[in-house]
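Undergrad: Need a 3D model of the following:
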Amino acid sequence: MTHPTPNPDNGVVSVAAPSEPPPIRFGGVDILRALAVLTVVYSHISYFLVDDLGTTWWLIDVVTVVLVEHGGLNHHLSFVGVAFFMMLTGLVATASVVRHSPRKFLVGRAARLLPVFWLSVLAAIVLVRLGVNGMFSQTVGISNAEAAMSFVLGGFFVRPEVVVLGVTWTLIVQGVFYVYAVSMRRVLASRPVLVPVIGAALCWAVLLYTDLVPYSWTVPMVDKVAATLPTVFLGQLAYMGFARLASWRALTAAALAQFAVIQYAITVDAFHVGQQGHLWTVLVLIVAVVLVAPTDTAFGRSRVVHWLATRSYTIYLVHTLVLYRIYSLVEPHLGPTMAVLVFALATGALSDVIYRYVETPAARWIARHWSGRATPATDSAAA
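TA: This next block holds a predicted model:
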C-alpha cells in the first residue's frame, strides 16, 4: 500500500500511485505556522508583563477582551501557539513516516531540529553564566553537568527541574511522537486510524498512573508530554481525513478519544498551568487547521507569511533569549510599544541570520551525510 508524502515548502502532499487519492494541497500551512509563532511570542510577552512585572500593554488588553473573555481561549493564549505547532506536526509528518524508511525519516527530523536547538541551548547557557539571563526553572545558575544534560533535554526530567531554555520542552513531545510513529509504521500503512487511538490509550495510562501514585514517584514532564500528545494526534487525524484513509465515523471516534484524554489531563492538572478554556481552545484550533490548511490564497503565498513560516522554528527558540533583557532596557526610556518593537526587530534579524547560515546549511549537511539525501530546511512543522 502506498501513501501520500508531504512537501511542506509548497504545502503539497504528492501521491505515490495512481490508485491513491488525488494530491492534497496544504497551501494554508504557512498561515498556520506564522500565526502559531506570533501567538507563542505574544503569550510570553503577556506572561512577562502581566504576571512578572504586574503591568499591561494595549495589545494585551485587546486580546484579553476579544479572545479570552469573549472568545473563550485560555489565559495569555498560552497553549494556542504550541497546540498549532503540535497539530501541524501530526498533519505534515504522518505521510512521511510511511513514505520514507525509519532512518531517513528520523534523520530528516533530527537535521531539521537539532542544529538550532543546540545553538540556542548553548547561547542560553552562556547568557546565564554571564548573568544576562536567568534560568527558566527554580534553580539558580547551571553546573557543567547540568549544562551538558540540557543539550539532550535531560533537565526537564530531574527534580527540581534544571531548565536553561523553557520553550524546548515541546521538542520532547515531538521526539516522542516521531519515535512512536516510526514504531507504528506498519499499522500506519494498514489501519492508520489505530495509531492515534492507541496513542490516546497510552497517554491516558500515563496520566492514570500519575493520578494514582504518590507525587514523589512521578515525573511532571512525562505528564505534560502525555497531556500534549493528543493535539499531535488530532493533527494526524486531520491528515487522515484529507487523505480519506478512514471513515468519518472512525475519525470522529478517534478525535473524541483525544479530547477525552485532554479533559482527563485537565482534571489531574497535567499541564501545570491554568486550565480555564483549555478544551475549548483545542477545539477551536483543530477546526482552524481543518479549515485553513487546504486553502490556497494570495495571503498565504505572501512574502511576510512565507518569511514567518520558514523562520518560525528559529523564532520560537531564540525569542525568549532576548525578550526580557531588551524589554527591561528599552521600556523605561521609550515605553512598552517601542520596547516590543525593538524586541521584534532584534528577534527577526537574529532569526533570519540563524535560518540562513545555521539552520538551512546544517540541515542539508546532516541529511546528506546521514540519510543520503538533502532535506529542505522547512521539512517539518517544528516546535
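Undergrad: Number of residues surrounding the residue nearest to Leu194 when sequence neighbours are not counted?
TA: Once flanking residues are discounted, Leu194 sits nearest to Val187: 5.4 Å by C-beta to C-beta, 6 or more residues apart in numbering. Where C-beta positions appear, they are placed from N, C-alpha and C, glycine not excepted. The tally of other residues near Val187 (other C-beta atoms under 10 Å) stands at 15.
Undergrad: can you check Asp51 too?
TA: Around Asp51 there are 10 residues (other C-beta under 10 Å).
Undergrad: before we move on, back to that, residue contacts, the residue nearest to Leu194?
TA: With contact set as C-beta atoms under 8 Å, 6 or more residues apart in numbering, Val187 has these partners: Leu194, Val195, Ile198.
Undergrad: Would you mark the buried spots in the host helix or strand of it?
TA: Taking DSSP states H and E as the criterion, Val187 maps to helix 185-190. For helix 185-190, the buried set under the neighbour-count rule, 16 or more other C-beta atoms under 10 Å, comprises Arg185, Leu188.
Undergrad: which stretches of the stretch 151-300 of the chain have low pLDDT?
TA: Scanning the stretch 151-300 of the chain for pLDDT under 70 picks out 273-275.
Undergrad: what ranges do the helices span in it?
TA: Along the stretch 151-300 of the chain, the segments classed as helices by DSSP state H, counting those that start in this stretch run 169-183, 185-190, 194-212, 220-243, 248-267, 278-292.
Undergrad: Switch those helices over to TSV; also include distance to Arg25.
TA: Putting the helices of the stretch 151-300 of the chain into TSV (distance: least, C-beta to C-beta, whole Å) gives the following:
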stretch	distance to Arg25
helix 169-183	23
helix 185-190	22
helix 194-212	23
helix 220-243	10
helix 248-267	20
helix 278-292	12
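Undergrad: coming back round to it: out of the contacts of Val187, which is nearest to Leu38?
TA: Val195 (30.7 Å; C-beta to C-beta).
Undergrad: hmm, back to that, of the helices of the stretch 151-300 of the chain, flag the one that's most buried.
TA: helix 220-243 (a mean of 24; mean count of other C-beta atoms under 10 Å).
Undergrad: what angle separates that helix from helix 248-267?
TA: 160 degrees (axes from the mean of the first three to the mean of the last three C-alpha atoms, to 10 degrees).
Undergrad: Helix 194-212 and helix 220-243, what's the angle between them?
TA: 160 degrees.
Undergrad: which helices and strands sit right next to helix 220-243?
TA: helix 80-99, helix 169-183, helix 194-212, helix 248-267, helix 278-292 (3 or more C-beta pairs under 8 Å, 6 or more residues apart in numbering; DSSP states H and E).
Undergrad: mind checking how far Phe151 is from Pro115?
TA: To Pro115, Phe151 is 12 Å away according to C-beta to C-beta, to the nearest Å.
Undergrad: on that earlier part again, show me how far the helix holding Val187 is from its chain's centre.
TA: Remark: helix 185-190 is offset 24 Å from the chain centroid, using C-alpha atoms, centre = their mean, to the nearest Å.
Undergrad: try stretch 208-220
TA: 25 Å.
Undergrad: contact partners of that stretch?
TA: Phe157, Arg159, Glu161, Val222, Asp223, Ala226, Tyr264, Val268, Ala270, His272.
Undergrad: What residues of stretch 293-309 count as buried?
TA: By 16+ other C-beta under 10 Å, the buried positions in stretch 293-309 come out as Ala293, Pro294, Thr295, Gly300, Val305, His306, Trp307, Leu308, Ala309.
Undergrad: In those, find the pair that's most separated.
TA: Pro294 and Trp307 (22.1 Å).
Undergrad: Now the element after whichever strand or helix holds Thr39, going C-ward?
TA: Assigned by DSSP H and E, Thr39 belongs to helix 29-46. Once the chain leaves helix 29-46, the next helix or strand it forms, by DSSP H and E, is helix 58-63.
Undergrad: Contact partners for the closest residue to Ala181 other than its chain neighbours?
TA: Nearest in space to Ala181, with sequence neighbours left out and distances taken as C-beta to C-beta, 6+ apart, is Val97 at 4.5 Å. Val97 sits next to Phe105, Tyr178, Ala181, Val182, Arg185, Leu188 when contact means C-beta under 8 Å, 6+ apart.
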